[in-house]
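Asker: Build me a model from this:
(chains A, B, C and D, ligands or ions: 4)
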There are 4 protein chains.
Amino acid sequence: MIRVGVNGYGTIGKRVADAIRAQPDMKLTGVAKTRPNYEAEAAVRKGYPLYAAIPERSDQFTDAGIDLAGEVEDLIIASDVIVDATPSGVGEANCELYETYDTPAILQGGESADAVDTSFVARANYDKAEGADIVRVVSCNTTGLSRLLAPLQEEYGVEKARVTLIRRGGDPGQVDRGPINDILPDPVTVPSHHGPDVKTIYPDVDIDTVGVKVPATLMHLHSVNVTLASQPTVAEVRQLLSDESRLFLVPEVAGIDGTGKLKEFAMDTGRPRGDLWENCIWDESIAVEGNDLYLFQSIHQEADVVPENIDAIRALTGRETQEDSMAITDDRLGVGL
Amino acid sequence: MIRVGVNGYGTIGKRVADAIRAQPDMKLTGVAKTRPNYEAEAAVRKGYPLYAAIPERSDQFTDAGIDLAGEVEDLIIASDVIVDATPSGVGEANCELYETYDTPAILQGGESADAVDTSFVARANYDKAEGADIVRVVSCNTTGLSRLLAPLQEEYGVEKARVTLIRRGGDPGQVDRGPINDILPDPVTVPSHHGPDVKTIYPDVDIDTVGVKVPATLMHLHSVNVTLASQPTVAEVRQLLSDESRLFLVPEVAGIDGTGKLKEFAMDTGRPRGDLWENCIWDESIAVEGNDLYLFQSIHQEADVVPENIDAIRALTGRETQEDSMAITDDRLGVGL
Amino acid sequence: MIRVGVNGYGTIGKRVADAIRAQPDMKLTGVAKTRPNYEAEAAVRKGYPLYAAIPERSDQFTDAGIDLAGEVEDLIIASDVIVDATPSGVGEANCELYETYDTPAILQGGESADAVDTSFVARANYDKAEGADIVRVVSCNTTGLSRLLAPLQEEYGVEKARVTLIRRGGDPGQVDRGPINDILPDPVTVPSHHGPDVKTIYPDVDIDTVGVKVPATLMHLHSVNVTLASQPTVAEVRQLLSDESRLFLVPEVAGIDGTGKLKEFAMDTGRPRGDLWENCIWDESIAVEGNDLYLFQSIHQEADVVPENIDAIRALTGRETQEDSMAITDDRLGVGL
Amino acid sequence: MIRVGVNGYGTIGKRVADAIRAQPDMKLTGVAKTRPNYEAEAAVRKGYPLYAAIPERSDQFTDAGIDLAGEVEDLIIASDVIVDATPSGVGEANCELYETYDTPAILQGGESADAVDTSFVARANYDKAEGADIVRVVSCNTTGLSRLLAPLQEEYGVEKARVTLIRRGGDPGQVDRGPINDILPDPVTVPSHHGPDVKTIYPDVDIDTVGVKVPATLMHLHSVNVTLASQPTVAEVRQLLSDESRLFLVPEVAGIDGTGKLKEFAMDTGRPRGDLWENCIWDESIAVEGNDLYLFQSIHQEADVVPENIDAIRALTGRETQEDSMAITDDRLGVGL
Ligand SMILES: NC(=O)c1ccc[n+]([C@@H]2O[C@H](COP(=O)([O-])OP(=O)(O)OC[C@H]3O[C@@H](n4cnc5c(N)ncnc54)[C@H](O)[C@@H]3O)[C@@H](O)[C@H]2O)c1
Ligand SMILES: NC(=O)c1ccc[n+]([C@@H]2O[C@H](COP(=O)([O-])OP(=O)(O)OC[C@H]3O[C@@H](n4cnc5c(N)ncnc54)[C@H](O)[C@@H]3O)[C@@H](O)[C@H]2O)c1
Ligand SMILES: NC(=O)c1ccc[n+]([C@@H]2O[C@H](COP(=O)([O-])OP(=O)(O)OC[C@H]3O[C@@H](n4cnc5c(N)ncnc54)[C@H](O)[C@@H]3O)[C@@H](O)[C@H]2O)c1
Ligand SMILES: NC(=O)c1ccc[n+]([C@@H]2O[C@H](COP(=O)([O-])OP(=O)(O)OC[C@H]3O[C@@H](n4cnc5c(N)ncnc54)[C@H](O)[C@@H]3O)[C@@H](O)[C@H]2O)c1
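Answerer: Ligands and ions are numbered 1, 2, ... in the order given. Next up is the predicted model:
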């Protein structure tokens, strides 16, 4: 059993914690939180040992009637691996602490690639993580792009990818984020940083990305163009993509016209929190014009990195092959719609 | 076992079907659908017998690879009670069919009160439904208001209620509905029809309601003012309301600031679809000024009528007392946060 | 001629500057800005002398090719009155500066009532401002409420007012503000501070307000209930309100269903920036139930305080009577749709 | 003087009417409307002769106290050219009427290219319209794309253009349109019809477009990639584009971050309705990677086709050269920010 602790129990952290609990070869040692809010309450109900991420605030938990199992350092000591899902920048600052206790850690996509030994997407570079001290699971967008490029690259070769990322303004609970009624070039400078981030996974791929921000909360949408080295048929691309476990082709017959219904389908099938761990590729959108492939994919920002975090835990500890780890993760989570 | 069929398997119908399945004294005979879309697919996965709501479209199901158990009339024959959750107006038209087979039916809030024997809210008038042919579970807003008025009326007496209903523009999957960026007086005429609808439950209550529509999808918000016949303290009101199983007081310590985080909490605790069956009353908002009580409550339009439908099934068939039925329903669904 | 300078040239400041320029008895001495952005560019095009609000940033203007007329202190010296339209809190801090130069100033609704000699709404308490050093034009919401209560109070007497303020999340250009998809009790504590703010204008009025925030940018909507001391007919209320120059009754025949079309009408008639200086009362919404008056009014947050600022300038300097000042202001701006 | 009538007085029609009135060589004979709503009221205030678009509804105007100058056929008889700005599909149906009176007409982008003699963008194919009976000013998106491609094509040659059109869900007054909280592939099939529409202007250009719909009302955003035949510097592209009168490069120094502030700038400079007749190209976004040009442009859907309609009137009647017509139009409207 790999003993895993989660430091930072928010949007990503709570999902990773649930996913860890579902694995046959892992044990959730506990989660570290900063405040006794509704997420803490839910963690308590699930029986997760709670640790104070900021020791000085321990009293707040006591006042709220929540028993703490200890402080964050206790959690680190009790764990073989830490998944750090704190806000951007905090993860990097936490690394010193993990090093102190010689505990390998997994950071999230909000951290800089320079701060880590390797950036990680299971489908693309599982083996690189073995033995690393600090691994970074890349952002939701980069994860989504890498998963898509992987089979295209292997099967047809990618000459150039051009992607417009139409990003949700904030997560559903982030009421302070906008815009309310705008379509923002964001970043306004082109190309955006997402392309270079993909290169932390695929150093040689030629990719230009641009970013836009809009008033929606459910999922990102990628408008993808890939100039391939050869020219497949649409049917071949469909087959290729549908063979990938973490790509879901939204079928026309489903009558799903957007991310609202997509998440509804996920909830109808019993997915926890309506999570879509897969890239959701719109089947009807797949088109080939000459060597140019086009498609739309929707990416559930809160969820797609969750299976990657689980695989990263195994990859880092040198357990399982890529295929085996992905298969176990997918099976235990229920990946595949 | 009460054999129950669901005709109309959309937002409300699918939730009611799941709730029926969870009851110890009910058997879901099947669900009738018009199209083989994603909701049909999810029903198939759950093993719900599927019936063609519109017989001429049976082929569409076959083409989509979905086996039908029959047509809607077969479903009616196989059922002791039908829950009709078709779009507004369709339910009323369907009544003839239910009468043909002498099968009692439960309609939803989109239907007219005149079309039914009695309108229904479990907490308020459970006993009136016994023996009825057609019962109407009132709308999400009317259900929410009735549940709140019930204890206030009993405990303090209601002199007058004035409520501004700030309504979500559409459900999350309804992408054709607006507004995108407006605050609409809707209906612009005052008072709105919601007040008279409450009077189908509480004929003598003096209530004026006004309606507004805004660009949000998650929940309605009620801004409630009730002039009481006596003057309680805030603490007394809190106690009174927290004793009701279908009222949830959102506690300050939870750090929940809106309906996004409220639904997130529901999802974190494992609620299917993040459903909030309870009125969500903002604890901090409860205020008493003279005889005037003020509070905000958020109402999950997709969910609050679900337990009422279950109770209506029992009420109509004369099984269980109000208290027992509500207790069984709440226990099996997991009402109470 | 009253020489008036505007310190803080944003949403409110630029509108007030244009309004000052339109008055026969005022001269715009200039506007003070912090940055050479698009608003500075537009000011330059209008020929407004530009002053550096933050002297250390003068270079930024030069770099952007904009000539400055001086620094903010020069503007104060050149002016008989300053309209301060800086962000909340800054105005209060600026008062020391205005006192240093013994220049009376008008602050905006974001400042505390305690920081000023008197709070101001032209229709309600024009005469109180004479001779004051610091006058505060109250917020858009308080202005809108006071204008409505004025004739009701005078004609029928107000026993109690209860108002739900459904507030726009941010102004159209404020892309950092949310929520994107929520209906927020805001403030969650009831009653809100808006009621007490109305009492800075009408100390004796009994008013409870509650606030809600929604994802819209164009206007606020007030859901108003006023219990009157006597019982007028709807026709009488209509007549009373339509006699007020700063109340606009949105007629049914116009086919206007929301604030989008309302602003469109303002733009179609040539209003600068589509500004609605008047309370926009939805004619069809006016209803009387017993002594209870109900109505909806939409308030253009960016515009309704503009005529009040102009009147405050005259009131403070002791020029003109209330009626005359309001008439001149309205005539020069074009108030009255 | 060219006598011009406008049939269909909505979003586009009212803007075109104002623009006609501003031209030295045109006379607005009147506008035909279907209902006496707020737009009719505004037309009356401007002194535009009003004609009943649907004769049977003449009474509605009389009831609303509006005098009609006649019926739509009277307007056609009184005009040398008709600009038809009725809803999609109606324009095509109206052509029979225009032919009956042998009056040439200009349709809008909602009509099919097959229904007209030529599709039109002034900068691209002015001369083709001469003598035509029916000319179609292409849609806002196609107009925006054609204006951008024109100089690129002439100067560098366009090998292939790939554009993601992120479209506003509805105009500000269209409260019935959604989505409220979604990012929709729309159309979900790729490429979208916008590319072929550009080919009605530039038959030989190789362009693939994809469409997305989001909850915003102010402007569309185009994420543009053009593979050029040669490789310019960013500075050269900037120069080239800034030389075009109907392209506006949004400068970094303006501090404009989205379409909210962009429209605010237009309003601050006194533009009627805050109209942006120009493509608004985000200066900082212009980038060249190899032969690939990238940029973002925002398109004000309600306004960019207005100058094109004016030029189409002259082009069709054989008056003025392209350069002269565009210069007159731009001068009279005030194009160029
Ligand atoms: N939300 C997304 O869409 C998303 C997607 C992919 C990756 N990420 C990345 O995941 C990381 C976490 O993002 P999130 O969205 O889950 O953020 P979040 O704000 O939802 O959660 C972060 C949690 O960390 C806690 N925290 C703050 N400071 C802490 C500290 N010093 N120690 C421990 N806990 C602390 C916060 O209280 C919060 O509960 C970021 O790097 C982010 O870029 C986020
Ligand atoms: N969605 C809400 O917020 C809400 C809340 C409370 C009550 N209601 C009421 O519940 C009822 C159903 O609303 P909903 O939101 O679930 O609608 P919905 O559109 O989500 O679902 C209705 C379903 O009925 C199906 N249907 C259409 N015609 C049919 C027919 N002739 N026979 C059988 N099925 C047919 C549709 O295909 C759809 O699946 C309405 O009366 C509505 O007013 C809705
Ligand atoms: N926007 C509204 O809806 C609204 C309505 C009514 C009242 N108000 C009140 O009006 C005041 C101004 O609000 P606003 O919306 O116009 O804000 P804003 O942010 O649009 O404009 C404020 C301007 O002041 C400038 N500024 C900042 N610091 C300054 C300083 N030290 N000296 C001079 N200028 C400075 C800013 O650069 C900006 O241009 C606030 O008190 C606000 O509460 C705003
Ligand atoms: N709104 C945009 O963003 C936009 C942009 C570019 C092009 N267009 C095109 O312009 C055309 C008009 O669109 P719009 O947005 O101005 O529509 P609109 O609905 O705002 O205006 C259309 C007007 O035509 C009137 N009308 C309806 N039937 C009529 C009839 N039989 N005779 C005369 N008038 C009639 C309507 O009452 C309305 O006033 C469409 O082809 C549309 O595709 C619209």
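Asker: who are the neighbours in contact with A:Glu154?
Answerer: Contacts for A:Glu154 (CB atoms under 8 Å, 6 or more residues apart in numbering or on different chains) come out as none. C-betas here are computed from N, CA, C, even on glycine.
Asker: Just confirm it is within a helix.
Answerer: Yes - counting by DSSP: H, G, I helix; E, B strand; the rest coil, A:Glu154 is located in a helix.
Asker: Look up how far ligand 3 lies from it.
Answerer: 52 Å (CB to the nearest ligand atom, to the nearest Å).
Asker: Going along the chain, name the strands of the stretch 151-300 of chain A.
Answerer: Applying DSSP state E, counting those that start in this stretch to the stretch 151-300 of chain A gives strands spanning A:158-168, A:184-185, A:207-214, A:220-228, A:247-250, A:279-282, A:287-289, A:292-299.
Asker: so which of those gets nearest B:Glu73?
Answerer: Taking CB to CB, strand A:247-250 is the member of the strands of the stretch 151-300 of chain A nearest to B:Glu73, at 33.6 Å.
Asker: Pairing partners for the closest one, with directions?
Answerer: strand A:279-282 (parallel) (DSSP bridges).
Asker: who touches the partner strand?
Answerer: A:144, A:147-148, A:219, A:241, A:246-250, A:259, A:262, A:295-300, A:304, D:185, D:188.
Asker: For the strands of the stretch 151-300 of chain A, could you give me a markdown table that also reports mean pLDDT?
Answerer: Formatted as a markdown table, the strands of the stretch 151-300 of chain A follow (pLDDT from 0 to 100):
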| stretch | mean pLDDT |
| --- | --- |
| strand A:158-168 | 98 |
| strand A:184-185 | 98 |
| strand A:207-214 | 98 |
| strand A:220-228 | 98 |
| strand A:247-250 | 98 |
| strand A:279-282 | 98 |
| strand A:287-289 | 96 |
| strand A:292-299 | 98 |
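Asker: Next, format those as CSV and append distance to ligand 4 and mean neighbour count.
Answerer: Below are the strands of the stretch 151-300 of chain A laid out as CSV (distance: least, CB to the nearest ligand atom, whole Å; neighbours: other CB atoms under 10 Å in any protein chain shown):
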stretch, distance to ligand 4, mean neighbour count
strand A:158-168, 20, 24
strand A:184-185, 20, 25
strand A:207-214, 18, 24
strand A:220-228, 21, 24
strand A:247-250, 29, 23
strand A:279-282, 25, 24
strand A:287-289, 25, 17
strand A:292-299, 23, 26
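Asker: do you know which of those lies nearest C:Arg123?
Answerer: C:Arg123 sits nearest to strand A:184-185 of all these, at 39.7 Å, using CB to CB.
Asker: For the residue of chain A at minimum distance from ligand 1, the count of nearby residues, please.
Answerer: Residue nearest to ligand 1 within chain A: A:Gly10 (1.8 Å; CB to the nearest ligand atom). When neighbours are defined as other CB atoms under 10 Å in any protein chain shown, A:Gly10 has 17 of them.
Asker: residues contacting the nearest residue to A:Asp197 once chain neighbours are set aside?
Answerer: Nearest non-adjacent residue to A:Asp197, counting by CB to CB, 6 or more residues apart in numbering or on different chains: A:Thr142, 4.5 Å away. Shown in contact with A:Thr142 (CB under 8 Å, 6+ apart): A:109, A:121, A:194, A:197-198, A:200-201.
Asker: how much space between A:Lys46 and B:Thr269?
Answerer: Remark: distance between A:Lys46 and B:Thr269 (CB to CB, to the nearest Å) = 8 Å.
Asker: which residues touch the residue of chain A closest to ligand 1?
Answerer: Counting by CB under 8 Å, 6+ apart, A:Gly10 has contacts A:39, A:85-87.
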